[in-house]
Structure formats: C-alpha cells, structure tokens
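Undergrad: My questions concern the predicted model and sequence given below.
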Amino acid sequence: MKKITAFLVATLIGFILRQLGIPIPYMLGGIVTGFVLRAFLDGSFQWPREWRTAMLGVAGYGIGSNCTPETFLKLSQETLGIVGATLFTLAVSVGVATYMHRHTFANLLSSIMGVMPGGLTAMTVLMEDYKEADENVVVVSQCLRLFIVEVSVPFLAINLFGGQVIRQTGPSLWDTSVADFLSLFHPGWLLVVPLALGGRYLAGKAHMPTSQLLGPIIATALFACWQGSVPRIPAPAMAFAQLHIGLYVGTMLDREKLLKTHALIPNILIGSLLMVTSSACLALLLSRAYGFTALTAFLALAPGGIAEMCLSGMEMQQDVAVILTYQLIRVLAIALGVPFAIRKVFKPTEKGV
C-alpha cells in the first residue's frame, strides 16, 4: 500500500511539473517523493531495484530510437566538429569535478559522476559498482546541475543568441492526453521488450558497465539504423519508466549525509554555469565552421537532455537534425566511453544488493 501511495504522489508531482514545462517531470517527481519518504517519513522505505532495472530498458530504447541512418550521415560529414565538441565538454566536466574534489569533501570519483552532462541515469547506475562513490554527492550534484542548465540555457538562447519561440496553434491538453493514451495500444513500440532484454543479455555477457542501460541503447540504435527507424515510446510508458527510475534514485539519498552536501552547492552552481558558458563560446566557432546558426550550435552543445534541447530547437525553428546529432553523440560517449574510462582509473567493487 505504501508503494502504491508513493507512486500516485510521484505521478501527481510529475504531472504538475509537466504543466510547468519542467524537463523529465516524472523522474523528478519520483526523486522528490522517494527522497521525502526515505529522509523524513520512513527511513527503511526503498523502491525495488528489479523494477528500476526493468524500466532502464524502456529508457535505453527511448535513447536508441533517436538513431537513424541520417544521424550517422551527419556524423560522417562533421566528424571533427562532433568529436571535438564532445571531448571539449568532457574535459570541462573533468576540470569542474577536479576543482570540486579539491575544495569540498567530495572524492574525485563522486565529483566526476556528479557533473557529467546528461549523465543522471547512467551515472546513478554506474555508481552502484563502486563503494567509493558517494550516492548523495552524485544524485544531488546531477539533479542540481540539471536544474541550473535547464533554466540558464533557454534564457541565454533568447537573450544572447536572439532566439524567438514560435507559438503555434496545437491540440488542447485534453486532445494531447487522449492521443498519448491511445498510443499505448499501437503494438509497434513493444519492440522494446525483445530489444531491451536481448541487448541487456548480450551487454552483460560482454561485461559492459551499466549493461542494463547500454545494452538496450546499442540494440535499439543498431536495429533503428537497419530498419531506418523504430516506433517511439508512448508518452505514458516513458512517464511510467521515469517514475520508477526516479523513485529508486530518490530513495538512495541519506538524510545525514545529505546535510553535508550544502558545501557543494556553490561549486555545482559555478561549475554548471561554466559548462554552459563554454558551450556558448564554442558554439560561435562551430557555427562559423559548418554554416549553421549560432543558436543551433548552442542548443547542440548545451549540457542538457536530447529531448529538451531538440524541443527548444523546434520551437525556435532551428536545425533539429544538427541538435539531435551532437546531443546524441555526447550522450552515447558518456554512456559508452565514460564508464570504461572510470573503470580504467578506479577499481570497481560490486556493492551488495
């Protein structure tokens, strides 16, 4: 009964955040609900790990479904810019993490996992393999970083790069909700089941880090490129997955350790703004090199999520294909490359379930 109540409360909070235009609203709703329950109401409350693991397959399918042959065509044409921009973003992130490690109580591994752009899900999965990783530092840093980025990027896009949101007449909230619900009954998206299970199994056999997330991403991406595209996850199914992932992440927070993380706030604030500012500077150079607008380049390089940055580009009538390609390569680089790099530097120790 307690889990049902928690799920309903998280759903309500997520719905409110969605109406306010907050990104990944249901995941944030789950995080808030799980944290409040664990920290203030019931210290023994936990969300089943198996449920979270199953929902990671849905999230992985959602990420991988963004891959198309056109994505890799764009990659082949702008390889130097895409790779350079990705490495630049990762270098700035490591620099911010190193500074945070030296000036706060957070160790280097926790700091790196906490500041990686677009790494909320991947890093919270990876940290389970390391006793040295402080769950509170990683989760708090990622959530605060995401909030700062999602507030500052639209502000700079409009006020610095001259972006204008184009308001278009669209369906009502009721019509949208009905369409989302009916999309659940389209059988095509159920490809998530074999792709997620098969990808996770093969990734586990290959001993990939965060195999429960990377496996579905890789399997779906390869299948999407072979077929040309795959059906997208319906909004209610993605919301359902976000809720489970968020509730699990929220219950990771420990109140006593969380009280010590207040020292991280200035560092996360400055570090996140530095990452956004450096993305804006690099965007000016990239736009001149490849001929697209500075605003398109900024949204492509900004350390936010694929969905949020692409949506902003659509509303401002920018080149969404460019934004998608750069954002997707960075996400895949973080999901694929960062875990391997961390394993090279830090010795993993499997935590108890």
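TA: Nice, thanks for sending it over. Since we're looking at a predicted model, the values are computed, not measured. Numbers count the residues shown, from 1 in each chain.
Undergrad: Which pLDDT does the model give C281?
TA: Looking at C281, its pLDDT reads 90.
Undergrad: how close does M314 get to P234?
TA: 19 Å (C-beta to C-beta, to the nearest Å). For every residue, glycine as well, the C-beta is placed using N, CA and C.
Undergrad: between these two, who's got more neighbours?
TA: More crowded of M314 and P234, by other C-beta atoms under 10 Å: P234, with 18 against 14.
Undergrad: what's the more buried one sitting at in phi/psi?
TA: Per-residue torsions, P234: phi -60, psi 150 (degrees, to the nearest 10).
Undergrad: Lowest mean pLDDT among the helices and strands of this protein, which one is it?
TA: Counting by mean pLDDT, DSSP states H and E, the chain has its least confident helix or strand at helix 173-183, which shows a mean of 53.
Undergrad: Give me the contact list for the helix or strand following that one.
TA: Next along the chain after helix 173-183, taking DSSP states H and E as the criterion, comes helix 192-205. Outside helix 192-205, the residues that touch it by C-beta atoms under 8 Å, 6 or more residues apart in numbering are 57-58, 60-61, 64, 211-212, 214-220, 223, 233.
Undergrad: chain center to helix 192-205, what's the gap?
TA: 20 Å (C-alpha atoms, centre = their mean, to the nearest Å).
Undergrad: Let me have it in CSV, keeping just the CA atoms, if that works.
TA: Output of helix 192-205 as CSV, limited to C-alpha atoms (Å, rounded to 0.1, in the frame of the first residue of the first chain):
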residue,chain,number,x,y,z
VAL,A,192,11.2,-2.5,-26.5
VAL,A,193,10.7,-6.0,-25.0
PRO,A,194,13.0,-8.1,-27.2
LEU,A,195,15.4,-5.3,-27.9
ALA,A,196,15.8,-4.4,-24.2
LEU,A,197,16.0,-8.0,-22.9
GLY,A,198,18.3,-9.1,-25.8
GLY,A,199,20.5,-6.1,-25.6
ARG,A,200,20.9,-6.3,-21.8
TYR,A,201,21.7,-10.0,-22.0
LEU,A,202,24.4,-9.5,-24.7
ALA,A,203,25.9,-6.5,-22.9
GLY,A,204,26.0,-8.5,-19.7
LYS,A,205,27.8,-11.3,-21.4
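Undergrad: Can you get me a residue count around Q19?
TA: 10.
Undergrad: Of the contacts of helix 192-205, keep whichever come out buried.
TA: Applying 16 or more other C-beta atoms under 10 Å to the contacts of helix 192-205, the neighbour count classes 57-58, 60-61, 64, 211-212, 214-220, 223, 233 as buried.
Undergrad: and the two most separated of the residues you listed?
TA: Greatest spatial distance among those (C-beta to C-beta): S211 and I233, at 20.0 Å.
Undergrad: which among the contacts of helix 192-205 gets closest to T296?
TA: Comparing the contacts of helix 192-205 against T296 with C-beta to C-beta places G64 closest, at 23.7 Å.
Undergrad: how much space between that closest one and A333?
TA: Counting by C-beta to C-beta, the gap from G64 to A333 is 14 Å.
Undergrad: How about R343?
TA: From R343 over to A333 (counting by C-beta to C-beta), the distance is 15 Å.
Undergrad: now do E78
TA: In terms of C-beta to C-beta, E78 sits 15 Å off from A333.
Undergrad: now swap in A97 and tell me
TA: Taking C-beta to C-beta, one finds A97 at 16 Å from A333.
Undergrad: These two - which one has more neighbours?
TA: For A97 versus A333, the count of surrounding residues by other C-beta under 10 Å is larger for A97: 23 against 17.
Undergrad: Going by residue numbers, what spans are strands in the stretch 51-200 of the chain?
TA: Ranges of strands in the stretch 51-200 of the chain, per DSSP state E, counting those that start in this stretch: none exist.
Undergrad: Next, count neighbours for R232.
TA: 16.
Undergrad: That one and Y61 touch, don't they?
TA: No - using C-beta atoms under 8 Å, R232 is not in contact with Y61, being 9.2 Å away.
Undergrad: Run a quick neighbour tally on V36.
TA: So V36, with other C-beta under 10 Å, has 17 neighbours.
Undergrad: same deal with V138?
TA: Neighbour count for V138, taken as other C-beta under 10 Å: 28.
Undergrad: pLDDT weak spots in the stretch 51-200 of the chain?
TA: The stretch 51-200 of the chain contains residues with pLDDT under 70 at 71, 75, 118-122, 124-125, 150-151, 163-189.
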